[in-house]
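1. give me a 3D structure for the following:
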Amino acid sequence: MAEAKPQLNPFLRIALDLGPLVLFFFVNSRWGIFTATAVFMVTVLVALAASYTLSRHVAVMPIVTAVVVIVFGGLTLILQDETFIKLKPTIIYVLFGGILAGGLLMGRSLLAMVFDQVFNLTDEGWRKLTFRWVWFFFVMAVLNEIVWRTQTTDMWVSFKVFGVVPLTFVFGALQFPLLQKYEKKNDEASATDDR
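-> Next up is the predicted model:
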């Protein structure tokens, strides 16, 4: 029997997920976007390493995010052009939305593969939840493009911390009725497990 992976404390998980972004905001306000980008790159890698050290597991999304941060952060620093770090969220949102949409087109909910240990939904529930997240990611990509192209760098950084994070939490909370409506009942879940 496989040994269960250690689970991170939810508050520690939030700190590891949001810590690099908060530091990015703070360093940008003091020393500018290029220093903030360098700090962001380092803290994203530190958070990834800490997550793996504590739980012996890292989800796919943080790994993809870290790769994009390193590539676009590196381009920002090497070329001294802040455009690249501003494009990073757009690319991540389009990538995640596209991957989830591709899964739906192939008849699979990739979200179910990632969160099946967290939520116990019917197939229809997983499809609807995935569809909603696809649209959320695409809307956030457009929103990021509008903000960075029309606002100052400081405003864009503030939007990442005080706009994107609350919007994501609110959107996630708004999915609660769907999670309740399409939750598998105990007898249905046990019948599926017995197959």
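2. what mean pLDDT does the top helix by length along the chain get?
-> Counting by DSSP state H, the longest helix found in the chain is helix 123-150. Helix 123-150 shows a mean pLDDT of 96.
3. toward the C-terminus from that helix, list the very next helix or strand.
-> Note on helix 123-150: by DSSP states H and E, the next helix or strand toward the C-terminus is helix 153-159.
4. tilt between the next helix or strand after that following helix and helix 123-150?
-> For helix 153-159, the following helix or strand on the C-terminal side (DSSP H and E) is helix 165-174. Counting by axes from the mean of the first three to the mean of the last three CA atoms, to 10 degrees, helix 165-174 points 160 degrees away from the direction of helix 123-150.
5. next structured bit after helix 165-174?
-> That would be, after helix 165-174 and using DSSP H and E, helix 176-181.
6. gap between that following helix and the chain center?
-> The chain centre lies 21 Å from the centre of helix 176-181; the measure is CA atoms, centre = their mean, to the nearest Å.
7. break this protein down into its domains, please.
-> 1-79, 82-195 (automatic domain parsing).
8. report the central residue of this structure.
-> M61 (6.0 Å; CA atoms, centre = their mean).
9. right, and that residue touches I99 too?
-> No: with contacts counted by CB atoms under 8 Å, M61 stays clear of I99, the gap being 9.7 Å. Quick note: C-beta positions are derived from backbone N, CA and C, even for glycine.
10. ok, back up a step: quick one: buried residues of the longest helix of the chain?
-> For helix 123-150, burial by neighbour count (16 or more other CB atoms under 10 Å) applies to 125-130, 132-134, 136-138, 140-141, 143-145, 147-148.
11. contacts only, for the nearest residue in space to Y93 that is not next to it in sequence.
-> Nearest residue to Y93, sequence neighbours excluded (CB to CB, 6 or more residues apart in numbering): A141, at 3.8 Å. Applying CB atoms under 8 Å, 6 or more residues apart in numbering, we find A141 in contact with 89-90, 93-94, 97.
12. in TSV, list the residues you listed along with neighbour count, secondary structure and distance to F34.
-> Formatted as TSV, these follow (neighbours: other CB atoms under 10 Å; DSSP: H, G, I helix; E, B strand; the rest coil; distance: CB to CB, whole Å):
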residue	neighbour count	secondary structure	distance to F34
P89	24	helix	18
T90	17	helix	20
Y93	21	helix	23
V94	17	helix	25
G97	19	helix	29
